[in-house]
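[1] Sharing a model that was predicted from the sequence below.
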There are 2 protein chains.
Amino acid sequence: MFSIGEFSKITGLSVKTLRFYHEQNILVPTHIDEQSGYRYYNESKVETARVITQLRNLDFSLNDIAEILAQHEDDSDILDYLATQKESIQQKLKAYREISASLNQIITQETEARIAMNHSTFEVEEKQLETMLIAGVRMRGKYSECGKGFSQIGKKFGRHICGKPMLLHYDTQYKENDADFEACMPVRKGTSTDIISVRELLGGKCVALIHKGPYEDLGRSYEKIIAYVNEKEYEIEVPSREVYIKGPGMIFRGNPKNYLTEIQFMVKE
Amino acid sequence: MFSIGEFSKITGLSVKTLRFYHEQNILVPTHIDEQSGYRYYNESKVETARVITQLRNLDFSLNDIAEILAQHEDDSDILDYLATQKESIQQKLKAYREISASLNQIITQETEARIAMNHSTFEVEEKQLETMLIAGVRMRGKYSECGKGFSQIGKKFGRHICGKPMLLHYDTQYKENDADFEACMPVRKGTSTDIISVRELLGGKCVALIHKGPYEDLGRSYEKIIAYVNEKEYEIEVPSREVYIKGPGMIFRGNPKNYLTEIQFMVKE
DNA sequence: TTACAGGCTCCAGTAACGGGAGAGTCAACA
DNA sequence: TGTTGACTCTCCCGTTACTGGAGCCTGTAA
């Protein structure tokens, strides 16, 4: 017979835990001294303690364990419990995987925005864009409604998004209320649906300018980039692009003064 | 200004939760009626509630959230928090993945044992064994010490085990104390270490008998299978094998009367 | 006999709420 | 103006699987 302290060392369960398991009728001492109330455990309880530990390691609740111990004595008897438990673990795994993906996305996003912030000259640049696969929702109306498009894409292709949200402008002039535009996101893979078109967006030479500040001020940056294009006598191809390097965050809205938006005009070579 | 009930509907947080967040100074009502104690929230609190919900969805604790809300207002400010949180989520994922793997292993094991139990005639059979990759620990001494070998393999190759534990007997006669045997497990892949040898175990024709009952009684089944082999005048190749179809379970020791052990003698053709 | 390790019970606290009791408040309707 | 019923308030308990601590008792060795 072991005292509670000895039994604790043998089983690796804390004294507190053993007392608690006793109270819960999960692991009852073999003998209790009537005078002193001291708990004593015999050899056979070591095995019970091992079983409990195993089941706890499989994340079973003490309630489940009590039930299992009361009714069963062979692994094959508890296949149902194991299957149920597996289900519940799978659900937790799924939930945590989603959280992990969201965290990664936010971290990547903000890190990239920081890099862009630190490296940009905020002057008009000429650069080469790669061809990329995008998922897009063509819309007509106010620009402010583009959020719906992005969230549709997010829901369908959440896991496959591999770049920053973009708006493609199909109008050659600025339109307030009846604009023709497409909300889109670079994706790794995916197939088109009724609403969302998945396709390649061709790369090529472009003239780009990173705009810092609220979206209301985008006009000034557009003037600047158009002046540049005119001076160089470049021929512009629709659609033009707005890449949201940093906008309202996933968590905080953030300060619009810090928003970064890259305006890209594809030009013919 | 919204009453707590209205605000609850807008934000999707329960009234109880809102009161709790108030108590914790995480989401304090805009105004509290001094007479009635009624809580009133204005428009701007909706945004705060959204931020809190987002952070809760990322599994942040309320303590973290309180800190974040008090000090920050942009996603890029909380990159450290996000990174830490990512770490903690990864750990949980890892833990649950391990649990899931264990559960799967037990379930598979017991299910297969059940099938073997229901389908076996418990007579000597002749069959063809496939070649398989195994990880084995060669040992010398008492059979009862094979457990050490199995646990060594389990620790190293846990994830890659793809079959039931086996004992290979290199002695041609039964030895009590100085037996030469190898504890091994089929694995999907792996490389040898000092102690563990990973290699192919060749298949071929074999004579097999499933023994039901405690290991002490194995002798009787050995007699039976040897009688059969002698009668057929087969030539036996060492090592012979013992496959533990059902032994002491991962959780319960189980009843030795229900243990299933397949004895396999490889025979020359 | 004394010291001290080890044991006992009982209470509080954890995290993030949910349930419920008992009492007060608000708005509409008769 | 009174009443009804929905809404809100505070306060307390319960959840899960323990841990920590206070205050007291017991066992054993010096």
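    On my side now, so go ahead.

[2] Any idea which residue of the stretch 151-269 of chain A lies closest to chain B?
    A:G249 (3.1 Å; Cβ to the nearest Cβ). C-beta here means a position set from N, CA and C on the backbone, and glycine is covered the same way.

[3] burial measure for that residue, as a count.
    Here the number of neighbours of A:G249 (other Cβ atoms under 10 Å in any protein chain shown) works out to 20.

[4] is it true that it touches B:D77?
    No: taking contacts as Cβ atoms under 8 Å, A:G249 lies outside contact range of B:D77: 9.6 Å.

[5] that older thread, Three-state assignment for the residue of the stretch 151-269 of chain A closest to chain B, please.
    Of the three states, A:G249 takes coil under DSSP: H, G, I helix; E, B strand; the rest coil.

[6] and the longest helix for chain A?
    helix A:79-119 (DSSP state H).

[7] Run through the neighbouring helices and strands of that helix.
    helix A:62-71, strand A:236-246, strand A:260-267, helix B:79-119 (3 or more Cβ pairs under 8 Å, 6 or more residues apart in numbering or on different chains; DSSP states H and E).

[8] That one to helix A:62-71, inter-axis angle?
    160 degrees (axes from the mean of the first three to the mean of the last three Cα atoms, to 10 degrees).

[9] Does helix A:79-119 reach DNA strand D?
    No: using Cβ under 7 Å from any atom of the strand, helix A:79-119 stays clear of DNA strand D, coming no nearer than 11.7 Å.

[10] mean confidence for that helix?
    Averaged over helix A:79-119, pLDDT sits at 95.

[11] try stretch A:225-237
    Mean per-residue pLDDT for stretch A:225-237: 95.

[12] what sits up against that stretch?
    If you take Cβ atoms under 8 Å, 6 or more residues apart in numbering or on different chains as the criterion, stretch A:225-237 is touched by A:124, A:207-209, A:263, A:265-268.

[13] Turn those residues into JSON lines, columns for pLDDT.
    Shown next, in JSON lines, are the contacts of stretch A:225-237 (pLDDT from 0 to 100):
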{"residue": "A:V124", "pLDDT": "96"}
{"residue": "A:V207", "pLDDT": "97"}
{"residue": "A:A208", "pLDDT": "97"}
{"residue": "A:L209", "pLDDT": "97"}
{"residue": "A:I263", "pLDDT": "97"}
{"residue": "A:F265", "pLDDT": "96"}
{"residue": "A:M266", "pLDDT": "96"}
{"residue": "A:V267", "pLDDT": "94"}
{"residue": "A:K268", "pLDDT": "89"}
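
[14] Now for those: which two are most distant?
    Using Cβ to Cβ, the contacts of stretch A:225-237 reach their maximum pairwise distance at A:L209 and A:K268, which is 18.6 Å.

[15] which one of those two has more residues nearby?
    A:L209 (21 against 9).

[16] what secondary structure does that one sit in?
    Taking three-state DSSP as the rule, one finds A:L209 in the strand state.

[17] ditto for A:K205
    strand.

[18] ok so, going back, now the residue of the stretch 151-269 of chain A closest to chain B: how far from B:R50?
    12 Å (Cβ to Cβ, to the nearest Å).

[19] near chain B, which residues of the stretch 101-250 of chain A show up?
    A:102-104, A:106-107, A:109-111, A:113-114, A:246, A:249-250 (Cβ under 8 Å from any Cβ of the partner chain).

[20] Which residue, neighbours along the chain excluded, lies closest to the spatially most central residue of chain A?
    The structure's chain A has its C-alpha centroid closest to A:S102; by Cα atoms, centre = their mean the separation is 1.2 Å. Nearest residue to A:S102, sequence neighbours excluded (Cβ to Cβ, 6 or more residues apart in numbering or on different chains): B:L58, at 6.2 Å.

[21] Could you pull up the residues touching that neighbour?
    Taking Cβ under 8 Å, 6+ apart, one finds A:99, A:102-103, A:251, B:82, B:85 in contact with B:L58.

[22] what's the spacing between it and A:E110?
    Distance from B:L58 to A:E110, by Cβ to Cβ: 14 Å.

[23] and the closest residue to A:N104 other than its chain neighbours, how many neighbours does it have?
    Among residues not flanking A:N104 along the chain, B:K86 sits closest, at 7.0 Å (Cβ to Cβ, 6+ apart). For B:K86, the tally of surrounding residues (other Cβ under 10 Å) stands at 18.

[24] hmm, back to that, test my guess that the residue nearest to the centre of chain A contacts A:M250.
    Yes: the criterion here is Cβ under 8 Å, and A:S102 meets it with A:M250 at 7.3 Å.

[25] tell me the pLDDT at the residue of chain A found nearest DNA strand C?
    Using Cβ to the nearest atom of the strand, the closest approach of chain A to DNA strand C is made by A:G5 at 2.5 Å. The score at A:G5 is 96. That number is its pLDDT.

[26] Which residues are in contact with it?
    A:V15.
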